[in-house]
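**Student:** let's see this in three dimensions:
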Amino acid sequence: MKKYALGIYEKAIPGDLSWREKLQAAKDAGYDFMEISIDETDAKLARLEWTREERMELVNLMSEIGLPLRSMCLSGHRKYPLGSPDPAIEARSMEIMEKAIQLADDLGVRIIQLAGYDVYYVPSSAETVERFGRNLKKAADMAARLGIVMGFETMETEFMNTVEKSMYWVNKVNSPYLGVYPDMGNITNAAVLYGTDVLADIATGDGHLVATHLKETVPGVFREVQFGTGHVDFKSCIEATWKAGVRRYVTEMWYTGNPKWKKDLDEAVGMMRPLLDAQP
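**Tutor:** Predicted coordinates:
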């Protein structure tokens, strides 16, 4: 058994490809698994409504190709946040949560990455924070029933842009099914913003980090930065997260029309595998 697993974010691969083509591309690049996206678009949210037959077809395809889906990036809560002051949106957020947990169970997904927002498109308030906490506890209980682990993504906004801020909610809910799934690019930007130590921030989540996003950033820019062109110290971040207990990593990158996207996958694996292989 390998001592770690390295996955790829689904959106690193052209969206118009079939699941067979996506999974095969990830396998060819040398990845161990793929992270499925359930974002705020109608097309991605529709995946929550897949029939039993559609789910089993994908499970069988994973088995045939030998590359599974093992984590889920659930960013659909950006549009339908857990802390929404609108009762209809709040209800939709919990429906999405319940269906995402069920989909994860059906597909064999082990970890759901939660968006660390109380709200996104409207101002945060004491009310939205209170609703977020209340619904988060309900979500953790849902996840516990099916044994699905959830982890907060450290985001680009003030509400939850560090591991330390995420741990406030982990400790408050106090469930073995809720941890932190930090984004190395986002917490590096936060450390620059606050003048703090990114490695010290990682250490605040010791024993509660469920996986890690390996993503490149530059100050003030949070996505679509080519690996090796930003300021994230991947070697140190991998060492720190490894020490904190992480053994599952995902390279987060986006396909933006580059015809050499397969080369991008190969280069990401070539950059991260040696760093992970070097861990004790």
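**Student:** just the pLDDT for R223.
**Tutor:** pLDDT, R223: 89.
**Student:** any idea how far R247 is from K3?
**Tutor:** Distance of K3 to R247, given as C-beta to C-beta, to the nearest Å: 7 Å. Every C-beta, even on glycine, is put in place using the N, C-alpha and C of the backbone.
**Student:** between these two, which has more neighbouring residues?
**Tutor:** Under the criterion of other C-beta atoms under 10 Å, the comparison of K3 against R247 puts R247 first, with 16 against 10.
**Student:** now do the contacts for W261.
**Tutor:** 12-14, 255 (C-beta atoms under 8 Å, 6 or more residues apart in numbering).
**Student:** just flag the most distant two among those.
**Tutor:** Pairwise distances among these were taken by C-beta to C-beta; the largest, 9.2 Å, belongs to A12 and P14.
**Student:** between those two, which one's more packed in?
**Tutor:** Neighbours were tallied for A12 and for P14 using other C-beta under 10 Å; the higher tally belongs to A12 (24 against 16).
**Student:** isn't that one right up against T256?
**Tutor:** No. With contact defined as C-beta atoms under 8 Å, A12 and T256 do not form a contacting pair (9.9 Å).
**Student:** just send the contacts of W261 back as CSV, with distance to K172 too.
**Tutor:** Below are the contacts of W261 laid out as CSV (distance: C-beta to C-beta, whole Å):
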residue, distance to K172
A12, 33
I13, 36
P14, 40
Y255, 37
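**Student:** residues near the nearest residue to E98 once chain neighbours are set aside, how many?
**Tutor:** Closest residue to E98 apart from its sequence neighbours, by C-beta to C-beta, 6 or more residues apart in numbering: M142 at 5.7 Å. For M142, the count of nearby residues is 18 (other C-beta under 10 Å).
**Student:** any idea which helix or strand comes after the helix or strand where M142 lies?
**Tutor:** Using DSSP states H and E, M142 sits in helix 126-146. Next along the chain after helix 126-146, taking DSSP H and E as the criterion, comes strand 149-153.
**Student:** mean confidence for that following strand?
**Tutor:** Rounded mean pLDDT across strand 149-153 is 97.
**Student:** could you check the angle it makes with helix 126-146?
**Tutor:** 150 degrees (axes from the mean of the first three to the mean of the last three C-alpha atoms, to 10 degrees).
**Student:** strand partners (parallel or antiparallel) of strand 149-153?
**Tutor:** strand 111-115 (parallel), strand 178-180 (parallel) (DSSP bridges).
**Student:** list the contacts of the last one.
**Tutor:** Contacts of strand 178-180 from elsewhere in the structure, counted by C-beta under 8 Å, 6+ apart, are 136, 140, 143, 149-152, 154, 163, 166-167, 169-170, 205, 208-210.
**Student:** distance between that strand and the chain's centre?
**Tutor:** How far strand 178-180 lies from its chain's middle: 11 Å, per C-alpha atoms, centre = their mean, to the nearest Å.
**Student:** following it, which helix or strand comes up?
**Tutor:** The first helix or strand that comes after strand 178-180 along the chain, using DSSP H and E, is helix 184-194.
**Student:** of the strands paired with strand 149-153, flag the one that's most buried.
**Tutor:** Neighbour counts (mean count of other C-beta atoms under 10 Å) averaged over each of these peak at strand 178-180, with a mean of 27.
**Student:** pLDDT (mean, whole number) over that one?
**Tutor:** Mean per-residue pLDDT for strand 178-180: 98.
**Student:** cool, stretch 201-216 as well?
**Tutor:** The average of the pLDDT scores along stretch 201-216 is 98.
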